[in-house]
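S.K.: Based on what follows, work out the 3D shape:
(one chain, ligands or ions: 2)
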Amino acid sequence: MTTVTESQVRADEQQNRGCSRKRKEDPRFIQGKGNYVDDIKLPGMLHGDFVRSPFAHARIKSINKEPALNHPGVHAVLTAEDLKPLNLHWMPTLAGDMQAVLADEKVAFQNQEVAMVIADDRYIAADATELVEVEYEELPVLVDPHHAMDDDAPVIREDIAGKKEGGHGLRLHDNHIFTWEVGDKDATDRVFDEAEVTVKQDLLYPRVHPCPLETCGCVASFDSINGELTVHLTSQAPHVVRTVFSQLSGIAESKVHINSPDIGGGFGNKVGVYPGYVVASVASIVLGRPVKWVEDRIENLSTTAFARDYHMTGELAADSQGRIKALRANVLADHGAFDSCADPRKWPAGFFNICTGSYDIPTAYARVDGVYTNKAPGGVAYRCSFRVTEASYLIERMIDVLAQKLDIDKAEIRRRNFIQPEQFPYSTPLGWEYDSGSYPAALERVLEAVDYEGLRKEQAEKRARGKLMGIGISTFTEVVGAGPSKNCDILGVGMFDSCEVRVHPTGSAIARFGTKSQGQGHETTYAQILGTEIGISSENIQVEEGDTDTAPYGLGTYGSRSTPVGGAAAARAGQKVHAKAKRIAAHLLEVSEDDLEWDVDRFQVKGVPDQAKTMTEVAWAAYNDVPEGMEHGLEAVEYYDPPNLTFPFGAYVCVVDIDRHTGESHIRRFYALDDCGTRINPMIIEGQIHGGLTEGFAVAMGQQLAFDEAGNILGASLMDYFVPTAVETPQWELDYTETPSPHHPIGAKGVAESPHVGSIPCFSNAVVDAFAHQGISHMNMPHDAYRVWRTIHELGLDAD
Ligand code: PCD
Ligand SMILES: [Cu+]
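M.R.: Ligands and ions are numbered 1, 2, ... in the order given. This is a model prediction of the structure:
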């Protein structure tokens, strides 16, 4: 009895896996001691700022740098002409396309980078950008992707005009990028032809932006004596950047040093390589001084990677009982002027083929066509594992559309279609193998928690009185943790991830990873994973990421891959340390390994708990008393290539009251149950879910990057772009179930994106549900007050 309690006390003191311990990184963040790129100041550092195009599509007739060069404090003005001799005026994108680093003879989106002014400080640089005289000849502008493939559409990319092959296969038009098809088209068509019921709906997922609080930036510093390039940069994937920089510049990868310091939010915006990084690096090489480039808010919103812009048509075929027989999805994807979508190389539409969701749909087919338009490039996974948000929106909206058509309750139709727990591992018709899930239980738990029956009764009463109340449900499945390297790579590098851990003589440790936290709390949670495996406290394990000189190679943090891949590497590296420690302990105790048992932080002789060696003792011995033939030291390295992705899921309910005079939505309740398998730090998970739900609320209720007919971006500042504060943000109610991943070493799945992926359709479903009795089955996002009011007004519901 006493020993159990006593080891429990020791386990609690370690604050390892499962403990809601406070975040180790927070003392520095909350005391203003974080170190962000813009905090870095090097001796002799200069500052760059871009001259950007006012037009969305125009030919550059001439550029006159002289007036800017004559301005005091200006050191250089770089244009595409200056980069040409170095062959750096274009750069390859992650999607197999090329992107202009500085506009080469023409511009193809508003605010495109045309020249960089490098000056003594940021203010001089900004002033001097206005002195650079650029003569433009305007060209016809293509804004609407639906007209991209018209015969008379303006050709956006003259550099590849007439090319029949792109980075992802055949091109059908000069503005066409790729067609991506998955599933069985003929079989799907046949099911639709014979189906009792079919529904079809156009769904616009507008262009939005991840909008991290810290914008993108870098400080590039070239050491001409040793030929080494150091770049401090806001990257979610520093090692990939190092490889790209080495390939672009011809500098040996060992002489390229990329360092991502603290990052103030990434959300997918900081995955790609931006022109600013390249031009600042060139400027540093040319001028022999460090050069800093940091975007302002408008530059961030209007030029660095956007997300979504998916113009989708969803179709379901079902029987009269609402059992789905087939799904068909057609998507037109607006990728802007260059295809710099950040997806694993072989996945031009990301993981959009998760669009069959949590449902047992026997037959399916999806097609995505990417096109060029005169908009900024991007296509990043804004809190979503590569187009999963779009997929989840499609299926969660479509199942509601079907429910309304058949007049079946929206919870009931989900019940009738769920993949059942005993069907896992489950193979989907579009190619995934879901590792585990327990969907019906999650839904029932949530319905009970919110008193779903009661809410429906209340809604009926309110409707009778002319009031608008909506109940939204979303029962989504996410796919996170890319990997497996056999089908996921970035520029040819397989998507494994890594952990290196070293236990010091006195029993504390340092661990380094190939991922990169942007606020997620990796310094805490990785330490907790390692702590449990090794048997030392998370407090005594220092976690480092982001410096490519010291961290092992890894593919970075996005797509909620850190826990599924980096976390797995941590667990396995910890297990390797444990195995060696056990041999040392056996040697110290003079017994065979088989006679030892593990208890929280020590090896003890079976049945004789007094004879034990703690990890602190073992660590010391690793440096002075190891068994014969064993190397000294106590460390391990793991490069983990996951056998599959992980499939977290959830069940959400949203209750909204809509004011029929103003169109304003009040989210009265939002109940979110998430299942991410084994939970490492419940408090961090709660924070991640709050963040994801808030960003989901932002997207569904207000975010949009809109353009006018001339391709001018509308509202690219925080005056217009909706970033909810505590004032607008609803109160979240959280819950969980725990279905471990069968293939992850400790059963953990990712969690950070799930609330975003799952909540957006839930908000939409709630808003639409408020109008269901009026025959409305879909409304496009964002559901801001004006747009909702327009629907109310068209229906005449605001009369009196
Ligand atoms: N089971 C479990 C899971 C998880 N966790 C935790 O949580 C977190 C998270 O995780 P994950 O899910 O794995 O993820 P990651 O990878 O780490 O991260 C990423 C994500 O994350 C999120 N979140 C966040 N937060 C913050 N603060 N910030 C940021 O920026 C951010 N971002 C966002 C995004 S967008 Mo993408 O990139 O789009 O794709 S993707 C993303 C960490 O800490 C971890 O550890 C735990 O605990 N448990
Ligand atoms: Cu995505």
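
S.K.: Output the below-cut-off pLDDT ranges for this protein.
M.R.: Scanning the chain for pLDDT under 70 picks out the ranges 1-4.

S.K.: please redo it, this time with the cut-off set to 90
M.R.: Scanning the chain for pLDDT under 90 picks out 1-5, 715, 799-800.

S.K.: pull the longest helix from this structure.
M.R.: Identified as the longest helix of the chain according to DSSP state H is helix 568-589.

S.K.: CA atoms only: put the helix or strand just after that one into PDB for me.
M.R.: Once the chain leaves helix 568-589, the next helix or strand it forms, by DSSP states H and E, is strand 596-599. Output in PDB follows, covering the C-alpha atoms of strand 596-599 (Å, rounded to 0.1, in the frame of the first residue of the first chain):
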ATOM      1  CA  LEU A 596      14.900  -5.500 -12.500                       C
ATOM      2  CA  GLU A 597      11.500  -3.700 -12.500                       C
ATOM      3  CA  TRP A 598      10.900  -0.100 -13.300                       C
ATOM      4  CA  ASP A 599       9.200   2.300 -10.800                       C
END
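
S.K.: which residues make contact with strand 596-599 from outside it?
M.R.: Strand 596-599 is contacted from outside by 7, 535, 578, 582, 585-586, 589, 603-606, 609, 612, using C-beta atoms under 8 Å, 6 or more residues apart in numbering. All C-beta spots, glycine's among them, are computed from the backbone N, C-alpha and C.

S.K.: hmm, back to that, pull out the buried residues from the longest helix of the chain.
M.R.: 568-574, 576-578, 580-589 (16 or more other C-beta atoms under 10 Å).

S.K.: what do you get for stretch 735-751?
M.R.: Using 16+ other C-beta under 10 Å as the test for burial, stretch 735-751 gives 735-737, 739-741, 743-751.

S.K.: from the chain's centre, how far out does that stretch sit?
M.R.: Taking the mean of its C-alpha atoms, stretch 735-751 sits 19 Å from the chain's own mean (C-alpha atoms, centre = their mean, to the nearest Å).

S.K.: Quickly check: that stretch near ligand 1 or not.
M.R.: Yes. Residues of stretch 735-751 contacting ligand 1 under C-beta under 6 Å from any ligand atom: 748, 749, 750, 751.

S.K.: Can I get these in a markdown table including distance to residue 79?
M.R.: Formatted as a markdown table, the residues of stretch 735-751 next to ligand 1 follow (distance: C-beta to C-beta, whole Å):
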| residue | distance to residue 79 |
| --- | --- |
| 748 | 49 |
| 749 | 48 |
| 750 | 43 |
| 751 | 46 |
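
S.K.: for those, which one is nearest residue 649?
M.R.: The shortest approach to residue 649 among the residues of stretch 735-751 next to ligand 1 belongs to residue 749, at 8.8 Å (C-beta to C-beta).

S.K.: unless I'm mixing things up, the closest one is touching residue 648, no?
M.R.: Yes. In this structure residue 749 lies within contact range of residue 648 using C-beta atoms under 8 Å: 4.2 Å.

S.K.: Could I get the phi/psi values of the nearest residue to residue 320 once chain neighbours are set aside?
M.R.: Nearest non-adjacent residue to residue 320, counting by C-beta to C-beta, 6 or more residues apart in numbering: residue 196, 5.0 Å away. Torsion angles at residue 196 (phi, psi; degrees, to the nearest 10) stand at phi -70, psi -40.

S.K.: OK, contacts around residue 196?
M.R.: By C-beta under 8 Å, 6+ apart, the residues touching residue 196 are 318, 319, 320.

S.K.: nearest spatial neighbour of the second one, skipping sequence neighbours?
M.R.: With C-beta to C-beta, 6+ apart as the measure, residue 196 is the residue that lies nearest to residue 319, at 5.0 Å, once sequence neighbours are left out.

S.K.: all helices of the stretch 401-550 of the chain, in order?
M.R.: 410-417, 439-450, 452-464, 522-534 (DSSP state H, counting those that start in this stretch).

S.K.: Check the stretch 1-150 of the chain too.
M.R.: Under DSSP H, counting those that start in this stretch, the stretch 1-150 of the chain gives helices at 2-14, 26-30, 66-69, 80-83, 122-129.

S.K.: quick one: the residue nearest to residue 319 from residue 360, how far?
M.R.: From residue 196 across to residue 360, the span is 18 Å (C-beta to C-beta, to the nearest Å).

S.K.: now residue 59
M.R.: Separation of residue 59 from residue 360 (C-beta to C-beta) stands at 54 Å.

S.K.: circling back to that earlier point, look up how far residue 364 lies from the residue nearest to residue 320.
M.R.: Applying C-beta to C-beta, the value for residue 196 to residue 364 is 18 Å.

S.K.: next one: residue 28
M.R.: 48 Å.

S.K.: Kindly report the same for residue 140.
M.R.: 38 Å.

S.K.: So for the two, which residue has more residues nearby?
M.R.: Higher neighbour count among residue 140 and residue 364: residue 364, with 27 against 11, using other C-beta atoms under 10 Å.

S.K.: and residue 465, what does it touch?
M.R.: By C-beta under 8 Å, 6+ apart, no residues touch residue 465.

S.K.: again, but for residue 171
M.R.: By C-beta under 8 Å, 6+ apart, the neighbours of residue 171 are 163, 164, 165, 177, 178.

S.K.: From what I see, residue 111 and residue 303 are in contact.
M.R.: Yes. Assessed by C-beta under 8 Å, residue 111 is found in contact with residue 303 at 5.0 Å.

S.K.: Which of the helices or strands spans whichever residue of the stretch 101-250 of the chain sits closest to ligand 2?
M.R.: Closest to ligand 2 within the stretch 101-250 of the chain is residue 205: 9.7 Å, counting by C-beta to the ion. Residue 205 is part of strand 197-208, with elements assigned from DSSP H and E.
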